[in-house]
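Enquirer: Turn this into a structure:
(chains A and B)
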Number of protein chains: 2
Amino acid sequence: MSTDRNKIITDTFKRFIRRGGISHLKKMVNKTHPADLSLIFRSLTLADQKKLFALIKDAEQKGYLFSELDKDIFLRLIEEMSVDEMVEILADMPSDDVADLLADIPEEKADEILERMHKEDSQTVENLLSYGEDTAGGIMVPDFIALKQDITAGDAIKAIQKDYIEVEMPFYLYVVDEYHKLVGISSLRQLVVVQPEKKLKEFMSKDIISVTTDMDQEEVARIVAKYNILAVPVTDHSAKLIGIVTVDDVIDIIRSEATEDILKMAGAGEEYIETKSVIKSTKIRLPWLFASCVGGIIASFIIGKFGKVVSEYIYLAAFIPVIAGMGGNIGTQSSTIVVRGIATRRIDIRDFWKVVLKELSIGFILGSFYGVIIGVIAEIKYEASFLGVAVGLAVVSSMSVAALVGSIVPMLLVKLNIDPAVATGPFVTTAIDIIGIFLYLTIASMFILGI
Amino acid sequence: MSTDRNKIITDTFKRFIRRGGISHLKKMVNKTHPADLSLIFRSLTLADQKKLFALIKDAEQKGYLFSELDKDIFLRLIEEMSVDEMVEILADMPSDDVADLLADIPEEKADEILERMHKEDSQTVENLLSYGEDTAGGIMVPDFIALKQDITAGDAIKAIQKDYIEVEMPFYLYVVDEYHKLVGISSLRQLVVVQPEKKLKEFMSKDIISVTTDMDQEEVARIVAKYNILAVPVTDHSAKLIGIVTVDDVIDIIRSEATEDILKMAGAGEEYIETKSVIKSTKIRLPWLFASCVGGIIASFIIGKFGKVVSEYIYLAAFIPVIAGMGGNIGTQSSTIVVRGIATRRIDIRDFWKVVLKELSIGFILGSFYGVIIGVIAEIKYEASFLGVAVGLAVVSSMSVAALVGSIVPMLLVKLNIDPAVATGPFVTTAIDIIGIFLYLTIASMFILGI
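Expert: Here you go, the predicted model:
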């Protein structure tokens, strides 16, 4: 749905809510796709959200909406909802979505719901909940076609029609041995093409791409994206097939990881916060600015330390911003390229020195280029023979150091198992500011004392 | 494949290339997935790439590798390849991939190849090439199952087994009327469940999500992601069904758009450049730093203008970096949140004033918070009664202005049809630097003249 259509539908809903056109609302809410409803919910008050939600007839539709809603909207919506109503809605949902929702709500309520659910369903959900939320186990669905390797293509078709009619994505057939270990893969299309009496093991593909339950979801997403597959099978520690991760969940992971990385890089939190209140947004953004505040104060102390030189040659102060700015910007370039390179696997952190050396070279070349330009301008403007050289050298060295720091820090963070995306945020730029200013004033002092 | 496995395979390949173990190499290269080969090719010389490529037996495998290779590697690899060899390889590829490759290579060679291809194939490819590269038409495949609405489920199954056995993603059945207009959607699963004598139009779903050939690929990707579908049908201006966009292409779009946005936000180009040479990378990054250079020089002139005040109260200079830094960082937060919000459709630019007002409020609150902290420190450190107040006020106003500029600029760019991602790059931070410094020195002068 384009933004235009979205806006129009939202406005229509709002109008009917205002006017109390219940019968119209009922018709509309039951005809609108849950993905669209979730967008509409974003701009409604809690009372209106509840009103609209109550008009949805189908428990299945309600469940679908649950999994589409923003987390905070979902939590507020269900706050006063009875356990009975929750159980009724969750009963119709895929178990992986149930597990995701239960992981988000208060534990006490989640336990109560689990107790009331059908034994079999709650068992599946509890199994899913036992895996880390961000692992293959946490995002897989236990909803796939698994057939024994010794049955024939003809029997396989019959088995699918009989036992697997409910499977949501029936295009891959996973072939298992007697211990339920994954041994091959085939497809509906292949079943139809081969002779009906052929056994699965005779024509299945043995080139299996699979993941284990504990693999990080980002890695799972990368594999699905790389091999252009629609689902990847998940095996447990004994190679038993226990679930699949489907491509629609992979898309959600790729999008939210990109958003997370972008926000972290800008030092603006981890989750998207625009829809949150001013106070909440402020709280999330406040600590990220702290680094920049402390760094700035340190910079002011450094400048204070060089107070005598600066007060004698007052135009020295004029070039502090350009030196800090050039360093900060090239540092951001370097760290962004390295962070994104690591995320998309274009950079291997075992090539540490190769990457660092390359960034340092680029920093030095760009630093020399801009150093000459800025140095010449400083010289012309203030006609102080040492100023041009000092400014130029400061630009070269601060830009080289910035490229160095910008490339080293994210790789070090990876080695320390910290998300490198934080490296491009205020921390690194502030550190580079301080280093640049220190280098500049030191170089300038040396020239002045040398004169 | 994890980085570890990747590294191991690459090293093994390199070892065999060094030792000239042709028979081993042959076996390995034909057993390795093209997606993995494309990673290995990144760290080989052109000569070794050619050697390895020549060892691939299957034309189909070669074609698959073509579409997985980085664009620059692909172009170098085929530079001296004969048109005959190219035609042989492309003949086995899906026509959308052929169109993508031909769009990249020199026009003369592309025309020659098109002439030599089978009439029918080249017609399809030429049709695809006629759509914009970044539109639904440019990324669709003409490879789908379309059935007339009046045939029965039983006949539909027969038709699929007979005519559509080659279709790569056979899970959606598109139902069309006599003019080949899309009127409904069904699935393989549904065909098997219903009575064989039922007509398609009796059980097909009429809730069709489709896109038009000229829709931007980002918008197409958003739709596929939002509705959790595996493919979206593409119709032309007369509502005729002419192709589908599949989820694997959508994943590639989402990933590369995220990379593009991240790089633009950091002012580091548009395409990923880490794999390029130092000289190439330097060339791409150089112009982005120009804004920061010009801005820095303007800042130096502004400081120069206030030279008299600064030279009298030398500690004024010490707080220039912290004021510029705080403004720059909160400006980056604001612009990043707005840019990503627009990209993920969480922000509607028709809510212009709502968004701007919210950012301004946040900027003011955070500015007041940090203004007090930094002001108090300035006061304590230098014991100049006006300095603390001037620094504090400058922080508040520069952070408020930064949040304002950071949120307005990306939305204005969208209105001007310019990618808003450039707004978080050096341009905005530099502008904010200048404004912040100007505000600071103006406020300080007023205090000094007022004393």
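
Enquirer: From here on, just use CA atoms for contacts and neighbour counts.
Expert: Will do.

Enquirer: what's the helix or strand residue A:67 falls within packed up against?
Expert: Using DSSP states H and E, residue A:67 sits in helix A:59-68. For helix A:59-68, the helices and strands in contact under the criterion 3 or more CA pairs under 8 Å, 6 or more residues apart in numbering or on different chains; DSSP states H and E are helix A:34-42, helix A:83-91, helix A:95-104.

Enquirer: Indicate which one of those helices is closest to chain B.
Expert: helix A:34-42 (6.2 Å; CA to the nearest CA).

Enquirer: which element follows that closest one toward the C-terminus?
Expert: Toward the C-terminal end, the helix or strand that comes next after helix A:34-42 (DSSP H and E) is helix A:46-54.

Enquirer: Helix A:34-42 and that following helix, what's the angle between them?
Expert: Helix A:46-54 and helix A:34-42 are oriented at 160 degrees to each other (axes from the mean of the first three to the mean of the last three CA atoms, to 10 degrees).

Enquirer: any idea how far helix A:46-54 is from the chain center?
Expert: From the chain centre to the centre of helix A:46-54 is a distance of 30 Å (CA atoms, centre = their mean, to the nearest Å).

Enquirer: Export the helices and strands packed on helix A:59-68 to JSON lines and append columns for mean neighbour count and mean pLDDT.
Expert: Putting the helices and strands packed on helix A:59-68 into JSON lines (neighbours: other CA atoms under 10 Å in any protein chain shown; pLDDT from 0 to 100) gives the following:
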{"stretch": "helix A:34-42", "mean neighbour count": "20", "mean pLDDT": "88"}
{"stretch": "helix A:83-91", "mean neighbour count": "17", "mean pLDDT": "89"}
{"stretch": "helix A:95-104", "mean neighbour count": "20", "mean pLDDT": "85"}
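
Enquirer: now the ones you listed as CSV including distance to residue A:371?
Expert: Written out in CSV, the entries for the helices and strands packed on helix A:59-68 read as follows (distance: least, CA to CA, whole Å):
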stretch, distance to residue A:371
helix A:34-42, 50
helix A:83-91, 64
helix A:95-104, 53
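
Enquirer: Can you say which of those is nearest to residue A:279?
Expert: Minimum separation from residue A:279 across the helices and strands packed on helix A:59-68 (CA to CA) falls at helix A:34-42, 17.5 Å.

Enquirer: what sits up against the closest one?
Expert: When contacts are defined by CA atoms under 8 Å, 6 or more residues apart in numbering or on different chains, helix A:34-42 is touched by residues A:1, A:6, A:9-10, A:29, A:49, A:61, A:64-65, A:68-70, A:73, A:275, B:226-227.

Enquirer: Quick one: buried ones out of these?
Expert: A:1, A:6, A:9-10, A:29, A:49, A:61, A:64-65, A:68-69, A:73, A:275, B:226-227 (16 or more other CA atoms under 10 Å in any protein chain shown).

Enquirer: can you pull out the strands in chain A?
Expert: Counting by DSSP state E, residue ranges of the strands within chain A are A:145-148, A:172-176, A:182-187, A:211-212, A:231-235, A:241-246.

Enquirer: which parts of the stretch 51-200 of chain A sit against chain B?
Expert: Counting by CA under 8 Å from any CA of the partner chain, the residues of the stretch 51-200 of chain A lying close to chain B are A:161, A:165, A:170, A:171, A:189, A:192, A:193.

Enquirer: right, and the third one touches residue A:157 too?
Expert: So that's residue A:170. No. Using CA atoms under 8 Å, residue A:170 is not in contact with residue A:157; the gap is 11.5 Å.

Enquirer: count of neighbours near residue A:71?
Expert: As a burial measure, residue A:71 scores 14 neighbours (other CA atoms under 10 Å in any protein chain shown).

Enquirer: residues in contact with it?
Expert: Under the criterion of CA under 8 Å, 6+ apart, the contact partners of residue A:71 comprise residue A:104.

Enquirer: With the one 5 residues further on instead?
Expert: Contact criterion CA under 8 Å, 6+ apart gives residue A:46 as the residues in contact with residue A:76.

Enquirer: Low-confidence regions, the stretch 1-150 of chain A specifically.
Expert: Under the criterion of pLDDT under 70, the regions of the stretch 1-150 of chain A flagged as low confidence span A:1-4.

Enquirer: The stretch 301-450 of chain A too?
Expert: A:423.

Enquirer: Just want the residue of it that's nearest chain B.
Expert: residue A:322 (3.9 Å).

Enquirer: Identify all contacting residues around the helix holding residue A:67.
Expert: A:34-35, A:37-38, A:53, A:56, A:74, A:88-90, A:92-93, A:97, A:101.

Enquirer: Can you get me a residue count around the nearest residue to residue A:435 once chain neighbours are set aside?
Expert: Leaving aside its sequence neighbours, residue A:435 sits nearest to residue A:398 (CA to CA, 6 or more residues apart in numbering or on different chains; 7.1 Å). Burial of residue A:398, expressed as a neighbour count using other CA under 10 Å, amounts to 33.

Enquirer: who are the neighbours in contact with residue A:398?
Expert: Shown in contact with residue A:398 (CA under 8 Å, 6+ apart): A:323, A:324, A:327, A:367, A:432, A:435, A:436, A:439, A:440.

Enquirer: just residue A:17 next, same as before
Expert: Applying CA under 8 Å, 6+ apart as the definition, the contact partners of residue A:17 turn out to be A:25, A:48.

Enquirer: and the gap between it and residue B:251?
Expert: Distance, residue A:17 to residue B:251, using CA to CA, to the nearest Å: 38 Å.

Enquirer: likewise residue A:131?
Expert: Residue A:131 sits 25 Å away from residue B:251, going by CA to CA.

Enquirer: Of those two, give the one with the bigger neighbour count.
Expert: Neighbours per residue, other CA under 10 Å: of residue A:131 and residue B:251, the larger number sits with residue B:251, 27 against 16.

Enquirer: Tell me the residues on the stretch 351-451 of chain A that lie near chain B, please.
Expert: A:358, A:361, A:362, A:365, A:366, A:370, A:374, A:426, A:430, A:433.

Enquirer: switch to 7 Å and redo it
Expert: For the stretch 351-451 of chain A, the residues found near chain B under the criterion CA under 7 Å from any CA of the partner chain are A:358, A:362, A:366, A:426.

Enquirer: how many other residues sit next to residue A:188?
Expert: Applying other CA under 10 Å, we find 18 other residues in the vicinity of residue A:188.

Enquirer: Was I right to think it contacts residue A:161?
Expert: No. Residue A:188 lies out of contact with residue A:161 (CA atoms under 7 Å); the separation is 11.3 Å.

Enquirer: what's the spacing between the residue nearest to residue A:435 and residue B:281?
Expert: 19 Å.

Enquirer: domain parsing for chain A?
Expert: As given by automatic domain parsing, the domain ranges for chain A are A:3-131, A:145-255, A:278-450.
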